[in-house]
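1. When you get a sec, could you give me coordinates for this:
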Amino acid sequence: MAAASALPSILADVAALGTAYLFSFFLRFDFAEPTWGWMRVAQSFGTVCIVHVSMLAAFGCYGRRTRVFGWCDLPRFGFAMAAACAALTAMRYLLPNVAFAHIRPPYSITLLSFLIGTANIVAWRVARRFYLQASRQGSLFPMERDEKTFDNTVAARFLAGRTVMVTGAGGTIGSELVRQAAAAGASRILMVERCENALYEIDRRMKREAYAAAIVPVMLDVGDRERMGALFRREKPSVVLHAAACKHVPMVELNPEEGWRNNTEATKTLAELSSANGVERFVLISTDKAVNPVSVMGKTKRAAEQAVMETGGGCSFCAVRFGNVFGSSGSVVPLFREQIAAGGPVTVTHPDMKRYFMTVREAVSLVLQAASRKEKAVYTLDMGEPVGIVALAERMIRQAGLRPYADIPIVFTGARPGEKLFEEIDVSEKSAYKTDMAKIYITRV
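-> A predicted model of the protein is given here:
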């Protein structure tokens with residue numbers, strides 16, 4: 001299996017070496033036929049080819065890791081080609097008799113072939129790497145269905161001219177909330193984010209895209225009641241889109257106190273401040289992991305939903321549950337891309353693992369539609385059918401021009417603490433009421 005999967009690389013190297021060898025003779029003999037004829041040149045290439053391929057194999061250049069070429073592999077190829085050059089030079093020295101001309105190329109040809117051949121075999125691997133990277137970048141949504149678009153007219157009417165606060169504004173969902181709120185016509189957007197670099201990046205992006213909305217970057221921890229209260233009183237937002245959260249199940253399992261503080265207590269603080277400061281609509285970004293939660297992260301988000309639903313006052317509160325977002329930081333898709341680029345293996349926790357997926361544009365578009373509604377509710381987004389993580393990994397490997405299990409292995413590492421095999425988004429009549437908006441359901445809680 002390993003030898004068969006390396007065969008295309010070996011054949012490509014033979015072609016690269018053959019081109020280099022022929023061009024070396026052209027350079028050495030001024031593009032004229034050597035005195036001993038092209039047939040002898042062809043015979044000598046057999047030796048040259050065997051020596052070079054043997055050295056490349058001996059130095060591990062046909063191993064699974066080097067089939068996705070990285071710059072760290074460059075010394076390996078350089079040493080292999082240098083060793084082949086040394087072996088051919090030694091053969092020329094030890095077999096001086098003209099009878100061995102067909103298996104011992106001249107010194108000058110050996111040197112030229114080393115230089116040109118090394119450039120050739122590295123060049124085609126680099127070109128292949130760039131091609132694979134371009135293929136991956138051009139397929140950000142690695143599933144069979146197309147990305148869906150929704151009519152955002154109602155959301156645009158609701159947000160037009162308003163001051164909108166987005167917490168966690170530097171994250172994947174938060175930054176898309178900022179962008180879509182600006183595109184919908186919000187007059188002022190408060191981007192609240194405690195990570196300096198994430199805030200810098202979304203601020204830079206919004207300036208580059210030049211929306212009409214006034215963009216205000218605010219580096220602040222949403223759990224800081226005193227400073228958040230001052231921000232509410234100063235800016236008077238009418239809509240709060242609360243995306244700030246600790247979202248990684250394993251990290252929250254290891255740091256439950258911070259998960260509770262950031263996901264639950266901070267949400268309760270924001271809800272109370274919103275109620276006390278005239279906010280019209282408060283939207284909590286929740287998760288499918290809040291349904292029958294088993295992880296600490298899921299439990300903190302379920303408690304956050306309950307805190308929001310229990311907050312009184314004139315503000316209209318809601319939470320929106322949905323599953324995984326393709327391409328979000330720390331999620332499975334960028335992890336798989338990184339592992340494929342490194343030559344594997346791709347790691348999956350369990351062969352039966354399934355998850356619901358949407359693109360960030362789809363999810364945020366529906367969140368803003370839900371924000372435009374009036375009722376106090378926990379909404380669930382219809383995310384279609386769950387996706388098998390193994391099937392996702394296999395598809396991404398194929399999209400990269402490679403073969404699952406042959407070029408890139410898939411290994412199973414075991415389910416992590418707090419992790420379910422299946423998340424439980426249910427929009428059937430027993431669990432949810434259908435709204436007049438496509439894909440948006442009110443959860444029976």
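
2. Return the list of helices and strands in contact with the helix or strand containing Val283.
-> Using DSSP states H and E, Val283 maps to strand 281-285. In terms of contacts (3 or more Cβ pairs under 8 Å, 6 or more residues apart in numbering; DSSP states H and E), strand 281-285 is packed against strand 239-242, helix 266-276, helix 296-310, strand 316-321, helix 360-371. Every C-beta, even on glycine, is put in place using the N, C-alpha and C of the backbone.

3. Please identify the most buried of these.
-> Greatest average neighbour count among the helices and strands packed on strand 281-285 goes to strand 239-242 (a mean of 27), per mean count of other Cβ atoms under 10 Å.

4. re the thing from before, could the helices and strands packed on strand 281-285 go into a markdown table alongside distance to Ile440 and mean pLDDT?
-> Below are these laid out as a markdown table (distance: least, Cβ to Cβ, whole Å; pLDDT from 0 to 100):
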| stretch | distance to Ile440 | mean pLDDT |
| --- | --- | --- |
| strand 239-242 | 16 | 98 |
| helix 266-276 | 21 | 97 |
| helix 296-310 | 16 | 96 |
| strand 316-321 | 8 | 95 |
| helix 360-371 | 6 | 91 |
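
5. Next, the nearest residue in space to Lys354 that is not next to it in sequence: phi, psi?
-> In space, and not counting its chain neighbours, Lys354 is closest to Pro386: 4.1 Å by Cβ to Cβ, 6 or more residues apart in numbering. As for Pro386, its main-chain torsions (degrees, to the nearest 10) stand at phi -70, psi 160.

6. residue contacts, Pro386?
-> Shown in contact with Pro386 (Cβ atoms under 8 Å, 6 or more residues apart in numbering): 354-356, 422-423.

7. what's the pLDDT at the residue most central in space within the chain?
-> Nearest to the mean C-alpha position of the chain, by Cα atoms, centre = their mean, lies Pro334 at 2.0 Å. Per-residue pLDDT puts Pro334 at 83.

8. now it, what's its secondary structure?
-> The three-state label given to Pro334 by DSSP: H, G, I helix; E, B strand; the rest coil is helix.

9. quick one: it from Asn324, how far?
-> Distance of Pro334 to Asn324, computed by Cβ to Cβ, to the nearest Å: 12 Å.

10. Please apply the same query to Leu56.
-> Distance from Leu56 to Asn324, by Cβ to Cβ: 41 Å.

11. try Thr167
-> Distance from Thr167 to Asn324, by Cβ to Cβ: 20 Å.

12. Check Gly314 too.
-> 35 Å.

13. which phi and psi does Asp221 have?
-> Dihedral angles (degrees, to the nearest 10) for Asp221: phi -80, psi 120.

14. roughly how far apart are it and Met228?
-> Counting by Cβ to Cβ, the gap from Asp221 to Met228 is 8 Å.

15. Between these two, which has more neighbouring residues?
-> It is Met228, of Asp221 and Met228, that has more neighbours when counted by other Cβ atoms under 10 Å, with 23 against 16.

16. Could you list the low-pLDDT ranges of this protein?
-> Residues of the chain that meet the criterion pLDDT under 70 lie in 1-5, 36, 64-68, 70, 96-104, 132-148, 327, 329-330, 426-429, 445.

17. circling back: buried ones among the contacts of Pro386?
-> Neighbour counting by 16 or more other Cβ atoms under 10 Å classes 354-356, 423 among the contacts of Pro386 as buried.

18. so what are the domain limits for the chain?
-> Domain assignment for the chain, taken from automatic domain parsing, gives 2-137, 153-443.

19. most neighbours per residue, which of these?
-> domain 153-443 (a mean of 19).

20. What is the distance between it and the centre of its chain?
-> How far domain 153-443 lies from its chain's middle: 16 Å, per Cα atoms, centre = their mean, to the nearest Å.

21. same question, stretch 49-66
-> With Cα atoms, centre = their mean, you get 31 Å for stretch 49-66.

22. Using PDB, list the CA coordinates for it.
-> Provided in PDB are the C-alpha atoms of stretch 49-66 (Å, rounded to 0.1, in the frame of the first residue of the first chain):
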ATOM      1  CA  CYS A  49      17.700   7.100 -12.300                       C
ATOM      2  CA  ILE A  50      18.200   4.000 -10.100                       C
ATOM      3  CA  VAL A  51      20.800   5.800  -7.900                       C
ATOM      4  CA  HIS A  52      18.700   9.000  -7.400                       C
ATOM      5  CA  VAL A  53      15.400   7.200  -6.700                       C
ATOM      6  CA  SER A  54      17.300   4.800  -4.300                       C
ATOM      7  CA  MET A  55      18.800   7.700  -2.400                       C
ATOM      8  CA  LEU A  56      15.500   9.600  -2.300                       C
ATOM      9  CA  ALA A  57      13.800   6.500  -0.900                       C
ATOM     10  CA  ALA A  58      16.700   5.900   1.600                       C
ATOM     11  CA  PHE A  59      16.300   9.500   2.900                       C
ATOM     12  CA  GLY A  60      12.600   9.000   3.400                       C
ATOM     13  CA  CYS A  61      11.500  11.300   0.600                       C
ATOM     14  CA  TYR A  62       8.700   8.900  -0.400                       C
ATOM     15  CA  GLY A  63       7.200   8.600   3.100                       C
ATOM     16  CA  ARG A  64       3.700   9.600   3.800                       C
ATOM     17  CA  ARG A  65       4.900  12.800   5.500                       C
ATOM     18  CA  THR A  66       6.700  14.100   2.400                       C
END
